[in-house]
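sharing a model that was predicted from the sequence below.
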Amino acid sequence: MEVALGPDGESDDEWFFDSITRYDDLLMYDVHGDISCSTFYDGGKLLLGISRGSVHELWLLSVPDKLLAGRSAGLVNNRDFHLVAAGYTAGSVKKAVRVGSSVVVAEEGGVYLYCVPEPGNASDVISLSSTLKSSVAGEAVLAVSGSQVYAGNTLFDLTLMDLSSEKTLGPVMMAKGSQRNREISEVVCVGNKLFICSKNEGSVLICDPRTDSLIQEVQVQDTRGLWTMDASQEGDCVALGSSWGSVSVHDVRNSGQKMYSHNQVMESDKTGKVTLHFSPSDPLLSVSGFDKTVEIFNYKGGKSDSKVFRHDGHRGESVQLVVNHLWHPTVGQGAETPGTTLLHECPPLGQTVADLV
């Protein structure tokens, strides 16, 4: 009899019994297709971009009550994800952000506005409302600030759009302070700061949209690979990760000084899209995209005890990489022993898993 072994030589049965002590709960939802994008619509709903060959869709899923109930809730009846609404898109969804009852979607070649049915509406169709930006060369990144959205795929192409009027307000002029164009991989808006990640150069530009000025640039020394980033909820820290395995956290308040770093052991030919996220409530950073695991680090805990959890539940040769993961925006906040809720996806069937750690 053949026994499936995990990366550490552990059998499926051994992992299952060990997981009982490591997880508060473990929920699963199978999506037949590739998940190209995921984000929370609100605390109780999740947006997914789904592709099956030439068919592309945007799904709105309700999150199981069990995910939101907390550790002391006891038995909870609803433990399943449910499809609330869906709609077709012209291309694969690369990024989606919510603005009111609408969703701004970056697809291959353009940026579009979709309308999501309000609660109580008999319709379950997510419909195309308007085209915000066409003829985008490559994949656009998105960031929300109130009713306004930043969109673009290079510094000189980055524009600000107002959703209330559905008009483009103009290019982000401060991005041109570098005097040269750069391809960007991520944009995050925190308060009055706009964080822009240079995809090929391992740097983050921190700008002030009110004064059209470049405040600061955070730069790593070894720039090999393709880079992505995230900014903390307060905007005082920025995390950078590269496809070559480098992960670091920098203190924006202290001239971008590196406060945490590690190099991921990996096989470079299997590296996918690296994803990293700050926890919304704790000094934790989650990282995926190097293999079939999601790792969580305490970036303020020092090197010796920085890794606090490693999800390694995706097993077998059919799964190569975790392609995305998310923190729930509110679950686990304010508890004496904070809980961790992660949702993540992996190919080939785009399996969505919710972990209560």
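On my side now, so go ahead.

okay, CA-based contacts and neighbour counts for the rest of this
Will do.

next, count neighbours for residue 53.
As a burial measure, residue 53 scores 9 neighbours (other C-alpha atoms under 10 Å).

quick check: phi and psi on it?
phi 70, psi -120 (degrees, to the nearest 10).

distance of it from residue 77?
In this view, residue 53 and residue 77 are 35 Å apart by C-alpha to C-alpha, to the nearest Å.

same question for residue 129.
Using C-alpha to C-alpha, we find residue 129 at a distance of 36 Å from residue 77.

more crowded one of the two?
When residue 129 is set against residue 77 and neighbours are counted by other C-alpha under 10 Å, the residue ahead is residue 129, at 14 against 9.

residue 192 versus the more buried one, what's the distance?
29 Å.

and if you look at residue 307?
For residue 307, the distance to residue 192 - C-alpha to C-alpha - is 32 Å.

who's more crowded, the two?
Ranked by neighbour count (other C-alpha under 10 Å), residue 307 and residue 192 place residue 307 first, with 17 against 11.

distance between the ends of stretch 182-194?
Using C-alpha to C-alpha, the end-to-end distance of stretch 182-194 comes to 16 Å.

give me the mean pLDDT for it.
Stretch 182-194 carries an average pLDDT of 93.

residues making contact with that stretch?
141-145, 150, 153-156, 195-200, 205-210, 227-231, 233-235 (C-alpha atoms under 8 Å, 6 or more residues apart in numbering).

which PyMOL command selects the buried ones in those residues?
Selecting the buried subset of the contacts of stretch 182-194 in PyMOL, with 16 or more other C-alpha atoms under 10 Å as the burial test, is done by:
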select buried, resi 141+142+143+144+145+150+153+154+155+156+195+196+197+198+199+200+205+206+207+208+209+227+228+229+230+231+233+235
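
number of nearby residues for residue 122?
When neighbours are counted by other C-alpha under 10 Å, residue 122 registers 8.

about what we covered before: just the contacts of stretch 182-194: which are in strands?
141-145, 150, 195-198, 205-208, 227-231 (DSSP state E).

where's residue 21, which helix or strand?
helix 12-22 (DSSP states H and E).

pLDDT of that helix, averaged?
Computed over helix 12-22, the average pLDDT equals 70.

helix or strand right after that helix?
Heading C-terminal from helix 12-22, the first helix or strand you meet, by DSSP H and E, is strand 25-29.

parallel or antiparallel, list what pairs with that following strand.
strand 351-356 (antiparallel) (DSSP bridges).

just the mean pLDDT for the partner strand, thanks.
Mean predicted confidence for strand 351-356 is 51.

mind listing the strands for the stretch 201-350 of the chain?
203-208, 213-219, 227-231, 237-242, 246-251, 257-263, 275-278, 284-288, 294-298, 307-311, 324-327, 341-346 (DSSP state E, counting those that start in this stretch).

buried residues of the second one, list them for me.
Neighbour counts using 16+ other C-alpha under 10 Å place 213-214, 217-219 of strand 213-219 among the buried residues.

would residue 47 count as being in a strand?
Yes - with DSSP: H, G, I helix; E, B strand; the rest coil as the criterion, residue 47 is located in a strand.

that one against residue 62, yeah?
No - counting by C-alpha atoms under 8 Å, residue 62 is not a contact partner of residue 47; they are 9.1 Å apart.

CA-only coordinates of the helix or strand hosting residue 187 in CSV, if you can.
Using DSSP H and E, the element containing residue 187 is strand 184-190. Below are the C-alpha coordinates for strand 184-190, written out as CSV (Å, rounded to 0.1, in the frame of the first residue of the first chain):
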residue,chain,number,x,y,z
ILE,A,184,5.0,48.4,-10.4
SER,A,185,3.7,45.2,-8.7
GLU,A,186,1.7,46.6,-5.8
VAL,A,187,0.1,49.8,-4.6
VAL,A,188,-1.2,50.3,-1.0
CYS,A,189,-2.9,53.4,0.4
VAL,A,190,-2.7,54.0,4.2
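
neighbouring strands for that strand, and are they parallel or not?
Using DSSP bridges, the strands paired with strand 184-190 are strand 193-198 (antiparallel).

now the strand it pairs with against strand 141-145, angle please.
180 degrees (axes from the mean of the first three to the mean of the last three C-alpha atoms, to 10 degrees).

pLDDT score assigned to the closest residue to residue 100 other than its chain neighbours?
Among residues not flanking residue 100 along the chain, residue 147 sits closest, at 7.8 Å (C-alpha to C-alpha, 6 or more residues apart in numbering). Predicted confidence (pLDDT) for residue 147: 86.

got any ranges where the stretch 101-250 of the chain has weak pLDDT?
Along the stretch 101-250 of the chain, segments meeting pLDDT under 70 span 137, 173-179.
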